[in-house]
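**Q** Got a sequence here, can you build the structure:
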Amino acid sequence: MTDPHLPLVFLLVAGSTLVAVLAGGCLGGGPAPDNSTVRTIPPAGAFALIEEMGSSPGFVIIDVRRPDEFAGGHIPGAININSAEFSKHLQDLDPEGTYVICCQRGGRSAGVRELMKEAGFREIYDIEGGMSAWKAAGLPVVKD
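**A** Now for the predicted structure:
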């Protein structure tokens, strides 16, 4: 004799499996569809990335602080694009490049990171804690 609840159990198992597969596909487990990398990294990780890729074409360090803040001390090799005017300069940057961005504490660079992400930039690393954390870690700083 067969269990009268068997068809119901089958439907519940099949439905649960379908939901799990769909949720897994939408929530992660693979590369982003656009193959981009957008993340916040600690100063030591940013320093290692700069050491590794610093001379590579398409690798750019962008300090998004005001020019007076930038002149007071910045990461060697960084360029200055003020966050207040960043959208005006977006078209001058290569979306296929690799970017390390920083500000003083991480707020302005987070906004720039999202702007770049929405514009389709491929690889963006935002320094966690900004120049404050960079300096606290004893990493190199140059002044203009």
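**Q** What values do phi and psi take at Ser36?
**A** Here is the backbone geometry of Ser36 (degrees, to the nearest 10): phi -100, psi 160.
**Q** Let me see the contact set for the nearest residue to it once chain neighbours are set aside.
**A** Nearest residue to Ser36 in three dimensions, chain neighbours excluded: Arg122, at 5.2 Å (C-beta to C-beta, 6 or more residues apart in numbering). C-betas here are computed from N, CA, C, even on glycine. By C-beta atoms under 8 Å, 6 or more residues apart in numbering, the residues touching Arg122 are 34-37, 95-98.
**Q** Give me the subset of these lying in strands.
**A** Secondary structure of the contacts of Arg122 is defined by DSSP state E; positions in strands are 37, 98.
**Q** Buried ones only from the contacts of Arg122, please, as a PyMOL command.
**A** To isolate in PyMOL the members of those that are buried, counting by 16 or more other C-beta atoms under 10 Å, one can use:
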select buried, resi 36+98
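**Q** Can you lay out the contacts of Arg122 as JSON lines showing distance to Val64 and pLDDT?
**A** JSON lines is the format used below for the contacts of Arg122 (distance: C-beta to C-beta, whole Å; pLDDT from 0 to 100):
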{"residue": "Asp34", "distance to Val64": "23", "pLDDT": "55"}
{"residue": "Asn35", "distance to Val64": "25", "pLDDT": "74"}
{"residue": "Ser36", "distance to Val64": "19", "pLDDT": "79"}
{"residue": "Thr37", "distance to Val64": "19", "pLDDT": "90"}
{"residue": "Pro95", "distance to Val64": "17", "pLDDT": "95"}
{"residue": "Glu96", "distance to Val64": "20", "pLDDT": "94"}
{"residue": "Gly97", "distance to Val64": "16", "pLDDT": "96"}
{"residue": "Thr98", "distance to Val64": "16", "pLDDT": "96"}
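**Q** Looking at the contacts of Arg122, which one is closest to Pro57?
**A** Pro57 lies nearest to Gly97 out of the contacts of Arg122, by C-beta to C-beta, at 8.5 Å.
**Q** my guess is that closest one meets Ile62, correct?
**A** No. Counting by C-beta atoms under 8 Å, Gly97 stays clear of Ile62, with 10.2 Å between them.
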